[in-house]
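>>> Pasted the sequence and its predicted model underneath.
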Amino acid sequence: MRKIILASASPRRRELLEQIGAVFEVCPSNAEEIMTSSVPREVVQELSRCKGNEVFERTSGDVLVIGADTVVAFQDSILGKPADAAMARDMLLRLQGNTHQVYTGVTLLLRQGGTVTQKSFYEKTEVVFYPMTGEEIDAYVRTGEPMDKAGAYGIQGKSAVFVEKIDGDYSNVVGLPLARLYQELKQMGIDIKEWHS
Ligand SMILES: Cc1cn([C@H]2C[C@H](O)[C@@H](COP(=O)(O)OP(=O)(O)OP(=O)(O)O)O2)c(=O)[nH]c1=O
């Protein structure tokens with residue numbers, strides 16, 4: 001039996017993977033997220049590897065494990081999930097009226113007929129925010145939407161009204177770069193719709 005496991009607790013990642021017709025199980029990672037770099041493209045790949053590896057080690061047989069991590073990069077800072085409302089406000093204050101980058105790193109771990117292959121990649125999407133008033137920021141933070149999201153916003157939610165434009169893959173901002181994922185799997189000879197739990 002071959003199966004695909006999404007090593008993520010993120011409901012957005014699950015929805016995105018469902019969108020492309022994959023049949024898969026969800027197994028959130030308990031990995032300690034250890035970062036040795038402060039370069040966004042390296043951070044997201046490293047963290048996606050931590051998450052994917054921890055789940056992969058708990059499996060046996062033919063399996064494809066997908067781990068992912070998303071951060072927002074603004075000037076020299078990396079913004080993860082805000083710890084509280086004050087931090088969310090502070091992040092949005094920096095992002096409003098400016099351009100930032102969203103990085104999602106993905107690690108694919110494949111065991112097929114006893115052979116293990118591993119691959120990591122990342123996608124970058126540039127996002128431009130309209131200016132936001134202090135009142136708009138406070139109201140958005142009060143919705144609670146920023147709290148479990150990198151950079152304190154969800155482009156797929158109420159913050160859509162503040163997004164002037166994006167350059168790159170939209171699904172990458174939400175948490176999983178679908179087109180790149182499909183292309184990488186294709187290169188590995190995997191048709192995601194042929195794999196079943
Ligand atoms: C920028 C942005 C991020 N996000 C989300 C995607 C991710 O779920 C989250 C970033 O946190 P992550 O640490 O990448 O993921 P997670 O903790 O939610 O899930 P797991 O580690 O189990 O895979 O921010 C949005 O939903 N919309 C957005 O516009």
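Great, that's in hand. Numbers count the residues shown, from 1 in each chain.

>>> can you pull the buried residues of the helix or strand where residue 135 lies?
Under the criterion of DSSP states H and E, residue 135 resides in helix 134-142. Using 16 or more other Cβ atoms under 10 Å as the test for burial, helix 134-142 gives 136-137, 140-141. For the C-beta atoms, the positions are set from N, CA and C on the backbone; glycine is no exception.

>>> List the buried residues in stretch 144-164.
Residues 145-147, 149-156, 159, 162 are the ones in stretch 144-164 that count as buried (16+ other Cβ under 10 Å).

>>> got it, and stretch 10-18?
Using 16+ other Cβ under 10 Å as the test for burial, stretch 10-18 gives 10, 12-14, 16-17.

>>> Which members of these additionally contact the ligand?
10, 12-13 (Cβ under 6 Å from any ligand atom).

>>> thinking again about what came up before, in helices only, show me the buried residues of stretch 10-18.
Residues of the buried residues of stretch 10-18 located in helices (DSSP state H): 12-14, 16-17.

>>> Export the ones next to the ligand among the buried residues of stretch 10-18 to CSV and append columns for pLDDT.
Listed next are these as CSV, based on pLDDT from 0 to 100:
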residue, pLDDT
10, 96
12, 97
13, 98
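
>>> So stretch 154-171, near the ligand or not?
Yes. Contact of stretch 154-171 with the ligand (Cβ under 6 Å from any ligand atom) involves 154-156.

>>> Would you enumerate the residues in contact with the residue most central in space within the chain?
Residue closest to the mean C-alpha point of the chain, counted by Cα atoms, centre = their mean, is residue 175 at 3.0 Å. Counting by Cβ atoms under 8 Å, 6 or more residues apart in numbering, residue 175 makes contact with 10, 12-13, 16, 68, 70, 104.
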